[in-house]
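Asks: Sharing a sequence plus its predicted fold:
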Amino acid sequence: MTALIIRLAVLALVALGSWLLVRIGKHFVEVKRQRALAAPATPFASFKIQILSFSSDDCRQCKLQAPILQRILEARGDAISVTEIDAPAQPELSSRYQVLTVPTTVVLDTNGKAQAINYGFANTQKLLTQIDALLS
């Protein structure tokens, strides 16, 4: 009976530890996102909404992100532009937007201010929703 209680206690501690790690991880990412969104406008200011696409040569998900960005360009035409950025080759820019992983997409308004940051793969609908919020 005591062995069962010990096992259940260990299981409960493992579950609690896992839950805490997930919560801490989510908080860490959110803090990074808020810092990046608070960054001052960049020299990317233009008359268009811009998507900065951070990637690297050996990133599989980045290769999947490219056709999504092409669809976004086709869907919104002249209202947006996409700039590809090699994250390892641009450490200052990567640091400015708190790039934690590649791919990362940053949606900038026409003043060059970050309005949305997506860590990891961002699907078409998510990006269109972020862009449409700026266009309206």
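Replies: Thanks, I have the structure now.

Asks: Tyr97 is in contact with Ala116, correct?
Replies: No: between Ala116 and Tyr97 there is no contact, the gap being 11.0 Å when judged by Cβ atoms under 8 Å. Yep, even glycine has a C-beta here, placed from its N, CA and C like the rest.

Asks: These two: which has the busier surroundings?
Replies: Set Ala116 next to Tyr97 and count neighbours by other Cβ atoms under 10 Å: Tyr97 wins out with 26 against 21.

Asks: What are the phi and psi values at that one?
Replies: When read as degrees, to the nearest 10, the backbone of Tyr97 gives phi -100, psi 20.

Asks: for Lys48, same thing?
Replies: Dihedral angles (degrees, to the nearest 10) for Lys48: phi -120, psi 160.

Asks: how would you label the residue nearest to Lys48 when sequence neighbours are not counted: helix, strand or coil?
Replies: Spatial nearest neighbour of Lys48, excluding adjacent residues (Cβ to Cβ, 6 or more residues apart in numbering): Ser81 at 4.9 Å. Taking DSSP: H, G, I helix; E, B strand; the rest coil as the rule, one finds Ser81 in the strand state.

Asks: Tell me the residues that contact both of Ala116 and Tyr97, please.
Replies: Common contacts of Ala116 and Tyr97, defined by Cβ atoms under 8 Å, 6 or more residues apart in numbering, comprise Val106.

Asks: so after the longest helix seen in the chain, what's the next helix or strand?
Replies: The residue-count maximum for a helix in the chain (DSSP state H) belongs to helix 2-37. Where DSSP states H and E defines the elements, the next helix or strand beyond helix 2-37 is strand 49-55.

Asks: any low-confidence regions in the chain?
Replies: Scanning the chain for pLDDT under 70 picks out 43-45.

Asks: Let's see that with 90 instead.
Replies: Within the chain, the segments meeting pLDDT under 90 span 1-10, 12, 17, 20, 24-47, 77-78, 100, 111-112, 136.

Asks: Who are the packing partners of the longest helix of the chain?
Replies: strand 114-119 (3 or more Cβ pairs under 8 Å, 6 or more residues apart in numbering; DSSP states H and E).
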